[in-house]
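> got a sequence here, can you model it:
(chains A and B)
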Amino acid sequence: MSVPATPSPSAALASGAWGDAAVKFGNSLGAVAGFLGILLLVFLAAGRARGRLSRPLAVAVFLGPAVVLLSVGLVVPLVRTVYLSLQNDDGTRFVGGENFGWALSTDSVQKVLVTTLLWLVVAPLVATGLGLVLALLVDRMRGQAVYKSLIFMPMAISLVGASIIFKFVYESRGAGQPQIGLLSQLAIAAGWDDPPNWMLSQPLNTFLLMAVMVWVQTGFAMVVLSAAIKAIPHEVTEAARLDGAGGVRLFWYVTVPMIRTTLVVVLTTIMIITLKAFDIVRTMTGGNFGTQVLANEMYSQSFVQFNTGRGGALAVILFLAVLPLVAYNIVQLRKERRVR
Amino acid sequence: MSGRITDKRVRAPHGSPVRKAFSSPLASVFVIAVTVLWTIPTLGLLVTSLRPKQDVTANGWWNALLHPDLGLDNYHTVLFEGGFGVSTGLMPFLVNSLAISVPATLFPLVLAAMAAYGLAWVRFRGSDTVFFAVFALQVVPIQMALIPLLRLFSGGAHLGSLTLVPAVDLKGSYAPVWLAHTMFALPLAVFLLHNFIAQLPRDLMEAAVVDGASHFKIFRSIVLPLCTPALASFAIFQFLWVWNDLLVALTFAGGTPEVAPMTVRLAQLSGSFGGRWELLTAGAFLSIIVPLIVFFSLQRYFVRGLLAGSVKG
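Numbers count the residues shown, from 1 in each chain, chains lettered A, B, ... in the order given. Down below sits the predicted model:
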C-alpha cells in the first residue's frame, strides 16, 4: 500500500477542523491577552496618581467596569423589558396590561403557569428532602467520599446533557420490540407488559422531567446541608441528648431548627434554578405534550414567535415569582453582615 | 440507655447522636441504592456511545455489559463526519464551547475581584448601597435581560436621533456571548469574592498603606495572591456554568458552527435526530466529559465555592 496522493475526504475534514480550531483559540486567547494588557496599563497609569484624586480614581477603576456592565447588561434591560411588556407584539404601540391579561386568561398559558407552579413545589422539595436524608446518612459510612462524589456528579453536567441522558432512559418502543430505554425495561421486568410511551403520557411526563432536575440538584442539597450539620456545635446536640432526646426527635427538634437557615437557602436556591431552567423541557419535549413551563414559553414567545410584548410580560411574571425567594436570601445576608 | 450510647460511641467517636440514630444497615443500603440509581443513567450513556449502531438499535445497553463489543467509532463519526445531515461534525462546536468558556470565565473573575476589593477596602460613601444593589441584581432572571440586550448588540442604543452606542456587526463573533456571560455572572461573583476579600486581615492592608502602596499595588500583590482559593472556586463554578449554559448561547450565538457551543447543537440534535442514539450519546458524552474532568479533579474548590455561596463563611 502506498501513501495516497490526496488525503481521504474524512482526513481533509479533520484537518480543516483543526485549522478552524486554531483560529478560534487564537481569537479567544487574543481577547484574553488584550483584556489583561489593557487592565495592566490602566493599573500602572492610575497607580501613579497621588493626592486628593487618587481615591476617587481608585473607586472609578475598581468599580467602573463592573458598574457599567451591570447597568448595561441588567439594570437597563430590566427596565426595558418591563416597558416592552406593556407594548404590543413588535413594541410599536402601548397596550397597557393587555399582555398580562393574555397571560393570565389564556387557557394554554394558564396551564403553563400551573405546570410551572408544580415544578416549583415538587422538584425543590424532593431534592432538598432527599439531600437532607443523604446528608444525615452518608457521613457515617465508610467510603463516604465516593458516594458523595457520585451523587454530586450530575451537578457538573449541563441540563442539556442531563436531558439527553434521561431521554435515553425514558426511550420507549412499541410492544414486542426489545426495549432500549432503561425505564421501559424495568417496567417490563416488574411485570408491566406494555409500558406507555413515557414522554407522551400526561401528567406523568412532567414528573419524569422533574426527576432530571432532582437528579441534578440533590447532590448540591446534600453537600451544603452536610456542611451545615457538621457546623452544629457539639454541646447543643449533647445537651439535647442528656435531656433525653434521641433519634428522630433529636433530628426534628434540634438538627432541623439549627440548620433552618441553610435549609431554606438551599430550598430557595433550587427553586430559583427550577423557575429559570428551560433547558430540560426544551431538550426533552420541546414544551409539547403538556410539559411546557414558563421559562420556555417565555423563550418561545420572544425568540420563536418574535412577540416581545408577550415575551416581556412572561419575563416579568418570572421575575415577580423569583423576587420573594431572592429577597429572603438577601435578608438573611443582611443579618449575617450586621453580626459581622 | 447510657450503656447503649457508650457502646455506640466506641464505634464512632466523632458521630453526633443524630447521625447514630440514622445509621443502620438499612441506611447504608439506602445510600448505596441512591448512589447506584444516580450513576446508572450516565453509565448507560457512556456504554451506548461505545456500541456499534446495529447493537444500539437491536437491544438495551445493559446487554453490552455481558457481551462487550465496544469501540470509539461513534466518536470519530460524530466529531468529524457529522452523519447528522450536516457537513461538519461536532468538532467546531466543541471548539466553540472552549473558546467561549475560557474568556467568559476570566473576564467576570477579574472584574468582580476588582469590584469586590473596591467595595471592601476602598471605603467611600454609599459603598454599602452599591454592594447591596449588586447583590440584589441576582434577583434579575437572565430572561429579563435577553430581548433588550440582543437589541442593543444588533441595533446599538439611541436616544431620539442621538446614537449613544453604534450598531456593531458582531455576527459570527464570540464577543456578544462573552459580554453577556460576563454581565450575568457579575452579581454572584462580586458577592462571593466580596465575602472573602472583606475578611482579609485589616493589619496587613494598613501596613501596606503605611508603606505607601497604592490600591492598585495592594490589589495585585496582596489581594490576588491571598484570594487564590476563592478565585479558583469561582473560576470552576463559572467555567462549568458557561460550558453548560444553553440560554445565553442560544440567544447570542445562534446555531451556526462559527460560534454556537455544544449545548446548542445537542439541543437541536436531540429534537431532530432523536433516533440516532449511538451518535447522540457520543455527542452528549463529549459535552459532559470536560465538566466531569474539571469536577473530579477540582472538586474541593468547587464544593468550597458552593458553601461560600449558600452557607455563611
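
> and the residue nearest to the spatial centre of chain A, what's its pLDDT?
Centroid-nearest residue in chain A: A:Ile273, 3.7 Å away (criterion: C-alpha atoms, centre = their mean). pLDDT for A:Ile273: 86.

> same deal with A:Ala127?
pLDDT, A:Ala127: 96.

> please apply the same query to B:Gly274.
59.

> kindly report the same for the one 10 residues further on.
Taken from the predicted model, the pLDDT recorded for B:Ala284 is 91.

> before we move on, what about B:Lys20?
pLDDT, B:Lys20: 55.

> contact partners for the residue lying closest to A:Gly219 once chain neighbours are set aside?
Spatial nearest neighbour of A:Gly219, excluding adjacent residues (C-beta to C-beta, 6 or more residues apart in numbering or on different chains): A:Phe152 at 3.4 Å. Bear in mind the C-beta positions are built from the backbone N, C-alpha and C, glycine included. Residues counted as contacts of A:Phe152 (C-beta atoms under 8 Å, 6 or more residues apart in numbering or on different chains) are A:219-220, A:222-223, B:299, B:303.

> any idea which of those is closest to A:Val79?
Of all these, A:Phe220 has the smallest distance to A:Val79: 32.4 Å, by C-beta to C-beta.

> related to what we said a few turns ago, now, the contacts of A:Phe152 that are in helices?
A:219-220, A:222-223, B:299, B:303 (DSSP state H).

> sketch out the low-pLDDT regions of the chain for me.
Since no chain was named, I'll use chain A. Residues of chain A that meet the criterion pLDDT under 70 lie in A:1-15, A:330, A:333-340.

> that was the other one, I meant chain B.
B:1-23, B:82-87, B:156-170, B:273-274, B:305-313.

> in a strand, the residue nearest to the centre of chain A, correct?
No - according to DSSP: H, G, I helix; E, B strand; the rest coil, A:Ile273 belongs to no strand; its state is helix.

> how much space between it and A:Leu159?
9 Å (C-beta to C-beta, to the nearest Å).

> same question for A:Leu57.
In this view, A:Leu57 and A:Leu159 are 43 Å apart by C-beta to C-beta.

> and for B:Leu298?
21 Å.

> neighbour count: those two, which is higher?
Each of B:Leu298 and A:Leu159 has its neighbours counted (other C-beta atoms under 10 Å in any protein chain shown); A:Leu159 has more, 26 against 18.

> so A:Leu70 makes contact with B:Thr182?
No - in this structure, A:Leu70 is not within contact of B:Thr182 by C-beta atoms under 8 Å, at 9.9 Å.

> need the longest helix for chain B.
Assigned via DSSP H, chain B shows its longest helix as helix B:91-121.

> what's the first helix or strand after it?
Toward the C-terminus, helix B:91-121 is succeeded by helix B:127-136 as the next helix or strand (DSSP states H and E).

> what about the residue nearest to A:Gly219, which helix or strand?
Applying DSSP H and E, one finds A:Phe152 within helix A:144-152.

> got it, and A:Ala327?
Per DSSP H and E: helix A:308-339 holds A:Ala327.

> now do that helix: distance to the chain's middle.
Relative to the chain's own centre, helix A:308-339 is displaced by 15 Å; criterion: C-alpha atoms, centre = their mean, to the nearest Å.

> quick one, longest helix in chain A?
Assigned via DSSP H, chain A shows its longest helix as helix A:9-47.

> ok and that helix relative to helix B:91-121, angle-wise?
20 degrees (axes from the mean of the first three to the mean of the last three C-alpha atoms, to 10 degrees).

> show me where the chain has strands.
Unless you meant another one, I'm taking chain A. With DSSP state E as the criterion, chain A has no strands.

> nope, chain B
Using DSSP E, strands in chain B cover B:157-159, B:162-165.

> for B:Asp128, which residues are in contact?
Contacts of B:Asp128 by C-beta under 8 Å, 6+ apart: none found.

> distance of it relative to B:Ala136?
12 Å.

> what's the answer for A:Asp20, then?
42 Å.

> ok, now A:Ala189?
For A:Ala189, the distance to B:Ala136 equals 51 Å [C-beta to C-beta].

> so between those two, which is more surrounded?
Neighbours were counted for A:Ala189 and for B:Ala136 using other C-beta under 10 Å; B:Ala136 has more, 15 against 9.

> what number of residues lie near the nearest residue to A:Ile259 once chain neighbours are set aside?
Among residues not flanking A:Ile259 along the chain, A:Ala228 sits closest, at 4.2 Å (C-beta to C-beta, 6+ apart). For A:Ala228, the neighbour count with other C-beta under 10 Å is 24.

> hang on, A:Ala228 packs against A:Thr262?
Yes - the criterion here is C-beta under 8 Å, and A:Ala228 meets it with A:Thr262 at 3.9 Å.

> roughly how far does whichever residue of the stretch 201-340 of chain A sits closest to chain B sit from A:Lys230?
The minimum distance from the stretch 201-340 of chain A to chain B, using C-beta to the nearest C-beta, falls at A:Gly247 (3.4 Å). In this view, A:Gly247 and A:Lys230 are 19 Å apart by C-beta to C-beta.

> now do A:Gly246
From A:Gly246 to A:Lys230 the distance is 20 Å (C-beta to C-beta).

> give me the more crowded residue out of those two.
Neighbour comparison, A:Gly246 and A:Lys230: the larger count goes to A:Gly246, with 17 against 13 (by other C-beta under 10 Å).

> how many neighbours does A:Val23 have?
For A:Val23, using other C-beta under 10 Å, the count is 11.

> contacts only, for it.
Neighbours of A:Val23 in contact, by C-beta under 8 Å, 6+ apart: none.

> what does A:Val122 give?
For A:Val122, the contact set (C-beta under 8 Å, 6+ apart) comprises A:207, A:210.

> please apply the same query to A:Leu267.
A:124-125, A:128.

> what's the local residue count around residue 40?
Answering for chain A, as no chain was given. Neighbours around A:Leu40, by other C-beta under 10 Å: 12.

> that was the other one, I meant chain B.
With other C-beta under 10 Å as criterion, B:Ile40 counts 14.

> just checking, A:Leu208 touches A:Leu200?
No - at 10.9 Å, A:Leu208 and A:Leu200 do not qualify as touching, with contact defined as C-beta under 8 Å.

> the two: who's more crowded?
Higher neighbour count among A:Leu208 and A:Leu200: A:Leu208, with 20 against 13, using other C-beta under 10 Å.

> contacts only, for that one.
A:166, A:170, A:198-199.

> 6 Å instead, please
A:170, A:198 (C-beta atoms under 6 Å, 6 or more residues apart in numbering or on different chains).

> what separation is there between it and A:Ala21?
38 Å.

> likewise A:Thr115?
41 Å.

> which one of the two is surrounded by more residues?
Using other C-beta under 10 Å, the more surrounded residue of A:Thr115 and A:Ala21 is A:Thr115, with 22 against 17.

> which bits of the stretch 101-250 of chain A sit near chain B?
Within reach of chain B by C-beta under 6 Å from any C-beta of the partner chain, the stretch 101-250 of chain A has these residues: A:136-138, A:140-141, A:147, A:150-151, A:156-158, A:160-161, A:164-165, A:169, A:178, A:180, A:185, A:223-224, A:227-228, A:237, A:241, A:247, A:250.

> got a quick ChimeraX command for the buried subset of these?
Burial among those is assessed by 16 or more other C-beta atoms under 10 Å in any protein chain shown; the matching ChimeraX selection reads:
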select /A:136,137,138,140,141,147,150,151,156,157,158,160,161,164,165,169,180,185,223,224,227,228,237,241,250
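
> picking that back up, give the buried residues for the longest helix of chain A.
A:13-14, A:17, A:20-21, A:24, A:28, A:31-32, A:35, A:39, A:43, A:46-47.

> what's the burial count for residue 299?
In the absence of a named chain, this looks at chain A. 23.

> meant chain B, my bad for not saying
18.

> fine, thanks again, bye for now.
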